[in-house]
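Asker: fold the following for me, if possible:
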Amino acid sequence: MSNLPSISIVTPTWNSPLPLFERVLRTLKNQEYPKNLLEHIVIDAGSVNNTIELAKKYGCDITVRSDLKIQEQVRASLGIKKAKNDIILMLQSDNIPTSKNWLKEMVQPFIDNKKVFCTFSAYNDYEKNMSITTRYGAFFGAGDPTLYYLGKSEKIPLLQKRYNKGNIIDETLAYWLVRFTKNTLPTLGDNGHMFLRSAMNKVNKDPNLYVHLDAFVDMLNQGYDTCGVIKNSVIHVITPSIFTYAKRRVQVKQTFYDGRRGKRKYLVFSWRSGKDVLNLIKFTIFSLTFIFPLYESIKGYIRIRDKAWFLHPIICFLIILSYGQSEIVWFFRKRS
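Answerer: Next up is the predicted model:
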């Protein structure tokens, strides 16, 4: 395939788990893709566990910003600005491509259709020896059931055969071509997403204000609305502790939503959306009663015998309590 585009892979790191990060790097090294068309940019926050040395071993272009330890989105923006190639792949240090042809599969819609500005895998995947939370995230297409029930995850459940987000305008054996609007835009821009550097450069102006979800709203407003949803998968490894995971989800909410209310362009939930309100009510009832999440767990277990299915009612309950408590804290802080 002589018309392959060049790719800049961008990975923000900070004390990444070394065996996992090395597997990601090794998987990229083994891709059936011309090495002269690839660069891997790592923006590190001052790791002290040999993350930097490991990235050097695999030939990454490394920038260390010890002043940006908790500002991962700023580091991502800086990596994007440093990129030189046609297409940018945002790949976290816990994202594992699932085949040697993964990069070729991901760029094919860009080659076929000039209107495509973004591609991503339709599915999360897992291996049987991986954490129960990673397997759960693959089964439901999102580790956070809020995204699942509000219909905001860009991924679809592993057992679902057809993509059901946005408007499907074409389909091939390898991918769906999907057009999104502001009302149907899912959570795009991270964990193995590709996008045109030329499109992102139009909106990625100030790294301190960069949030990948908002950047996709900005690109949509500039007419970039067509994505290739690839019929393949990427593994997103999730921390094995459900309590740690719930804590991290609350931290994301506090940092990117509570701390920027009235300023965000992309909202996972909006009180102005009747659909969001109805779905949130359903999610709350489901989570507090356990019945429907348990039904979904049993239905999934019948098809794939894995105990990770039964994490669903537990995580739903834990997440709704965690978010609810966070919302109450934010409300009283605002009034004080």
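Asker: how about the helices of the protein, start to end?
Answerer: With DSSP state H, the ranges of helices along the chain come out as 18-29, 51-57, 72-82, 102-112, 132-140, 145-150, 197-201, 212-221, 242-256, 274-289, 291-303, 312-335.
Asker: pick the most buried one from these.
Answerer: Among the helices of the chain, the stretch with the highest mean neighbour count (mean count of other CB atoms under 10 Å) is helix 132-140, at a mean of 25. The C-beta positions use only the backbone N, C-alpha and C, and glycine is treated the same way.
Asker: what sits against the residue nearest to residue 200 when sequence neighbours are not counted?
Answerer: Leaving aside its chain neighbours, residue 200 sits nearest to residue 80 (5.8 Å; criterion: CB to CB, 6 or more residues apart in numbering). For residue 80, the contact set (CB atoms under 8 Å, 6 or more residues apart in numbering) comprises 10, 88, 197, 200, 201, 204.
Asker: the nearest residue to the third one once chain neighbours are set aside and residue 232: what is the separation?
Answerer: If I follow you right, that is residue 197. Ranked by CB to CB, 6+ apart and with sequence neighbours excluded, the top spatial neighbour of residue 197 is residue 88, at 5.1 Å. To residue 232, residue 88 is 19 Å away according to CB to CB, to the nearest Å.
Asker: picking up where we left off before, as TSV, the helices of the chain with distance to residue 37 and mean pLDDT would be great.
Answerer: TSV is the format used below for these (distance: least, CB to CB, whole Å; pLDDT from 0 to 100):
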stretch	distance to residue 37	mean pLDDT
helix 18-29	13	98
helix 51-57	19	98
helix 72-82	17	97
helix 102-112	9	98
helix 132-140	30	97
helix 145-150	33	96
helix 197-201	13	98
helix 212-221	23	97
helix 242-256	33	90
helix 274-289	41	97
helix 291-303	40	98
helix 312-335	40	93
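Asker: can the ones you listed go into a markdown table with extra columns for distance to residue 268?
Answerer: Below are the helices of the chain laid out as a markdown table (distance: least, CB to CB, whole Å):
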| stretch | distance to residue 268 |
| --- | --- |
| helix 18-29 | 26 |
| helix 51-57 | 30 |
| helix 72-82 | 16 |
| helix 102-112 | 25 |
| helix 132-140 | 16 |
| helix 145-150 | 6 |
| helix 197-201 | 21 |
| helix 212-221 | 8 |
| helix 242-256 | 9 |
| helix 274-289 | 8 |
| helix 291-303 | 19 |
| helix 312-335 | 10 |
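Asker: among those, which is nearest residue 93?
Answerer: helix 18-29 (4.5 Å; CB to CB).
Asker: what residues does the closest one touch?
Answerer: Among residues not part of helix 18-29, those counted as contacts by CB under 8 Å, 6+ apart are 9, 11, 13, 38, 40, 49-51, 54-55, 57-58, 60, 91, 93-97, 237.
Asker: among these, which lie within strands?
Answerer: Among the contacts of helix 18-29, the members falling in strands (DSSP state E) are 9, 11, 13, 38, 40, 95, 96, 97.
Asker: show me what the last one is bridged to.
Answerer: Under the criterion DSSP bridges, residue 97 forms beta bridges with residue 234.
Asker: residue contacts, it?
Answerer: Contacts of residue 97 by CB under 8 Å, 6+ apart are 27, 28, 31, 91, 103, 192, 234.
Asker: can you add distance to residue 287 and give the residues you listed back as a markdown table?
Answerer: Shown next, in a markdown table, are those (distance: CB to CB, whole Å):
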| residue | distance to residue 287 |
| --- | --- |
| 27 | 35 |
| 28 | 38 |
| 31 | 40 |
| 91 | 32 |
| 103 | 38 |
| 192 | 28 |
| 234 | 27 |
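Asker: quick one: which of the residues you listed is nearest to residue 155?
Answerer: Nearest to residue 155, judged by CB to CB, of those is residue 234 at 8.9 Å.
Asker: what's the farthest-apart pair in the contacts of residue 80?
Answerer: Greatest spacing in these, by CB to CB: 10 and 201 (13.1 Å).
Asker: quick revisit: neighbour-wise, which of residue 88 and residue 232 wins?
Answerer: Comparing residue 88 with residue 232 by other CB atoms under 10 Å, the one with more neighbours is residue 88, at 26 against 20.
Asker: residue contacts, the more buried one?
Answerer: Taking CB under 8 Å, 6+ apart as the test, what residue 88 contacts is 7, 8, 9, 10, 80, 194, 195, 196, 197, 200.
Asker: returning to that earlier point: out of the helices of the chain, which gets nearest to residue 123?
Answerer: Nearest of the helices of the chain to residue 123, taken as CB to CB: helix 132-140 at 7.2 Å.
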